[in-house]
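Participant: When you get a sec, could you give me coordinates for this:
(2 chains)
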There are 2 protein chains.
Amino acid sequence: MAIKASQNNVLLRPHFKTHRSAKIAEWYREEGITACTVSSVRMAEYFAQAGWNDITIAFPFNRWELDKINELSKRIRLRLILSSLTAAEYLAQTATQKLHIFIEIDAGYPRSGIPASENSEIQACIDVISTNVNLKFDGFLSHFGNTYSSRNQEEITSLWHESLQKLLPLKRLFPGALISVGDTPSCSIIEDFSDVHEIRPGNFVFYDFMQTLIGSCLPEQVGVTVLCPVVAVYKERRQAIIYGGAVHFSKDSVEISGKRLFGWAGTTNDRLTPEYIPGCYVVSLSQEHGVVEFPQNVDMPEEGQILAIMPVHSCLTVSCLNKAYTPEGEEVEMLAVSF
Amino acid sequence: MAIKASQNNVLLRPHFKTHRSAKIAEWYREEGITACTVSSVRMAEYFAQAGWNDITIAFPFNRWELDKINELSKRIRLRLILSSLTAAEYLAQTATQKLHIFIEIDAGYPRSGIPASENSEIQACIDVISTNVNLKFDGFLSHFGNTYSSRNQEEITSLWHESLQKLLPLKRLFPGALISVGDTPSCSIIEDFSDVHEIRPGNFVFYDFMQTLIGSCLPEQVGVTVLCPVVAVYKERRQAIIYGGAVHFSKDSVEISGKRLFGWAGTTNDRLTPEYIPGCYVVSLSQEHGVVEFPQNVDMPEEGQILAIMPVHSCLTVSCLNKAYTPEGEEVEMLAVSF
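Facilitator: Below you'll find the predicted structure:
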């Protein structure tokens, strides 16, 4: 991703919410990355503490955290996103420290952000931001989140272009404004980023089962696995029960042939290198139990054996867990509670 | 629940995984409860520390935790569940401390447990348990987890009777064996527990949106709400964005009229007493964002307003959160990581 960003001459400001780890952040620094994205003030404080001094909080400004934001902005270059005119008005009246501002734009994924077509509301935001000398309007940020529901690379590509077409008129209307985009599916598939200034993919650090299915990555590129002991084996129904449930994985799912799945299961010899078994999936997750179903032609595991589970959505799964290990067995510390 | 258990002359051994709180456990003690159920060794250690000395770990024995189990069983009356003959054989060879044992029975909910009809396998388990003097066979435990998928009280009732009919022959075949059951839906609806010795409901301490829909409880009986600030309002699409996503709620959902929902939303004046709005639901959850949709006849909230969200599944939501407050504003400490 760093090479792609560099070739495109765009800033890679990776989203650190996927890993929440100062140690993993160091690996980015070794690749020349100096700016990052987070999704909470708490996470910004954590990475600021770890030496990151150029941080964007890519979640709509929450006025209940203004004191913490003012405090943090004394120490680092902090950028907030404003997702409505009301939020802009509130911050313009209350910001006492220097803050960089992106206006969040809804470019077809209707979650947060001002719709890209609402030029007058966007202009009003910029105007009100300019009334407070502490606030510096930097440009527009958008998250093309609908790419996550794509079924293949073609759909990702067409959603990227569709969303970009909604966003780009703002570049012409507001010259000098930076454009920040960057969901993981788009950033993995698209090669030409010449229309934007910054990309913010996060999930790509680990990828996951969902990303393999929509074509963002190959299974062998998935960089996280959850090691779960088998606690019971039921050969008749070809199922093994693992100690690994919704408290460990969260509960995102994918669908294959109409069946809801919660992970891809495999074996591991040394407990650290997974070998995923074709067709072997976590078919149900309750609070602590996972049910793994084995295809007919595959040996059932033994009780006590450690299975490797590729999570459906690594951001959520890693968010449930507090310890990770490198393939060399070194512990990777993470921020325990990220909100 | 304590009154119902007492009237039926059964032991109420509530599941503490729903709250994970030594403080809330004290409220049980005030009701005369002296025994509890947990779902992990870590949770057993936590409640043992808090003075609970009669604990069942209602998750299949995990051999990787044997050392911790042996250690803990020196200090309290600890009961494990064995969910297969293999597990029984392993524990019979390795237990060095006194342990009480329940054999887990699958009475129609095919997750973990030996199928109720497998008399010879059950007998073999009891036999192998008896070869280790540290192990004391106490009886049978079953979780009628399919009641959670019921649509109404009639379905819960009929599933209860169906499951019990599979379980009860074991009472006659193995005289003296205790029978432990007790999912929250059954325990909420059924009045006659004369066939069993022990019930283990957990979720009833809080209940949740799902339980109101299947008829376990009334909305006003739900004892937990998540307070989420509104960070953006989009009046045209009648949606408000809250700071409350899958990292806070986990991601269980319910369906109403074919629509997948992630919580029931309401207002709150003093931030602690929720007033849920009919038809006002969390319609989507991403990692930190929740999208709340307001019916046409209801005023949209203001940015900065605190909404109260009734979680779909309180056990999972509370497991994501680390702080709770009583209506009087007193903080309720919880075990941070319960596994």
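
Participant: for stretch A:170-188, the distance to its chain's centre please.
Facilitator: Relative to its parent chain, stretch A:170-188 has a centroid offset of 17 Å by C-alpha atoms, centre = their mean, to the nearest Å.

Participant: same check, this time on stretch A:163-174
Facilitator: Centroid separation between stretch A:163-174 and its chain, computed with C-alpha atoms, centre = their mean, is 24 Å.

Participant: buried sites along that stretch?
Facilitator: A:163-164, A:166-167, A:170-171, A:174 (16 or more other C-beta atoms under 10 Å in any protein chain shown). (C-beta placed from N, C-alpha, C; glycine too.)

Participant: May I ask which two of those are separated the most?
Facilitator: Within the buried residues of stretch A:163-174, A:Ser163 and A:Phe174 form the most distant pair, 17.7 Å apart (C-beta to C-beta).

Participant: Might you report the residue contacts of the closest residue to A:Pro219 other than its chain neighbours?
Facilitator: Closest residue in space to A:Pro219, ignoring its immediate chain neighbours: A:Thr212 at 5.0 Å, by C-beta to C-beta, 6 or more residues apart in numbering or on different chains. When contacts are counted by C-beta atoms under 8 Å, 6 or more residues apart in numbering or on different chains, A:Thr212 is found next to A:218-219, A:222, A:264, A:310.

Participant: what do you get for A:Asn203?
Facilitator: Contacts for A:Asn203 were tallied using C-beta under 8 Å, 6+ apart; they are A:15, A:18, A:184, A:211, A:314-315.

Participant: same thing but at 7 Å, please
Facilitator: The neighbours of A:Asn203, taking C-beta atoms under 7 Å, 6 or more residues apart in numbering or on different chains as the test, are A:18, A:184, A:211, A:314-315.

Participant: Which of the residues you listed ranks first by neighbour count?
Facilitator: Highest neighbour count within the contacts of A:Asn203: A:Thr184, with 31 neighbours (other C-beta atoms under 10 Å in any protein chain shown).

Participant: can you give me phi and psi for that residue?
Facilitator: Main-chain dihedrals, A:Thr184, degrees, to the nearest 10: phi -60, psi -40.

Participant: Repeat that for the one 4 residues further on.
Facilitator: Recorded main-chain torsions at A:Ser188 are phi -80, psi -30, according to degrees, to the nearest 10.

Participant: wait, what's in contact with it?
Facilitator: Neighbouring residues of A:Ser188 by C-beta under 7 Å, 6+ apart: A:204, A:216-217.

Participant: I'd like to know how far the residue of chain A most remote from its centre sits from chain B.
Facilitator: If you look at how far each residue of chain A sits from its centre, by C-alpha atoms, centre = their mean, the farthest one is A:Glu236, at 39.5 Å. According to C-beta to the nearest C-beta, to the nearest Å, A:Glu236 and chain B sit 8 Å apart.

Participant: Next: A:Glu154.
Facilitator: In this structure, A:Glu154 lies at 24 Å from chain B, with C-beta to the nearest C-beta as the measure.

Participant: pretty sure that residue is in a helix, no?
Facilitator: Yes. Assigned with DSSP: H, G, I helix; E, B strand; the rest coil, A:Glu154 falls within a helix.

Participant: okay, now it: neighbour count?
Facilitator: A:Glu154 has 11 neighbours, counted by other C-beta under 10 Å.

Participant: same thing with A:Val133?
Facilitator: Once other C-beta under 10 Å is used to define contacts, A:Val133 is seen to have 8 neighbours.

Participant: pretty sure A:Leu170 belongs to a helix, no?
Facilitator: Yes. Per three-state DSSP, A:Leu170 lies within a helix segment.

Participant: what's the closest non-adjacent residue to it?
Facilitator: A:Phe140 (5.4 Å).

Participant: A:Ile105 is in contact with the one you found, correct?
Facilitator: Yes. Counting by C-beta atoms under 7 Å, A:Phe140 sits close enough to A:Ile105 to count as a contact (4.9 Å).

Participant: Spit out the residues that contact those two alike.
Facilitator: Between them, A:Phe140 and A:Ile105 share these contacting residues under C-beta under 7 Å, 6+ apart: A:167, A:170.

Participant: Going by distance to A:Ser84, which of the buried residues of stretch A:163-174 wins?
Facilitator: Out of the buried residues of stretch A:163-174, the member with the shortest distance to A:Ser84 (by C-beta to C-beta) is A:Leu170, at 16.2 Å.

Participant: give me every residue that touches the closest one.
Facilitator: Counted by C-beta under 7 Å, 6+ apart, A:Leu170 has contacts A:105, A:116, A:122, A:140, A:177.

Participant: swap in A:Glu31?
Facilitator: For A:Glu31, the contact set (C-beta under 7 Å, 6+ apart) comprises A:Ala2.

Participant: gap between it and A:Lys4?
Facilitator: Noted for A:Glu31: a distance of 12 Å to A:Lys4, by C-beta to C-beta, to the nearest Å.

Participant: Pull out the buried members of the contacts of A:Ser188.
Facilitator: Among the contacts of A:Ser188, those classed as buried by 16+ other C-beta under 10 Å are A:204, A:216-217.

Participant: what helix or strand is the residue nearest to A:Phe144 when sequence neighbours are not counted on?
Facilitator: For A:Phe144, ignoring the flanking residues on the chain, the nearest one in space by C-beta to C-beta, 6+ apart is A:Ser163 at 4.4 Å. Per DSSP states H and E, A:Ser163 falls inside helix A:153-167.

Participant: Confirm that A:Thr131 sits in a strand.
Facilitator: No. Assessed with three-state DSSP, A:Thr131 is coil; it does not lie in a strand.
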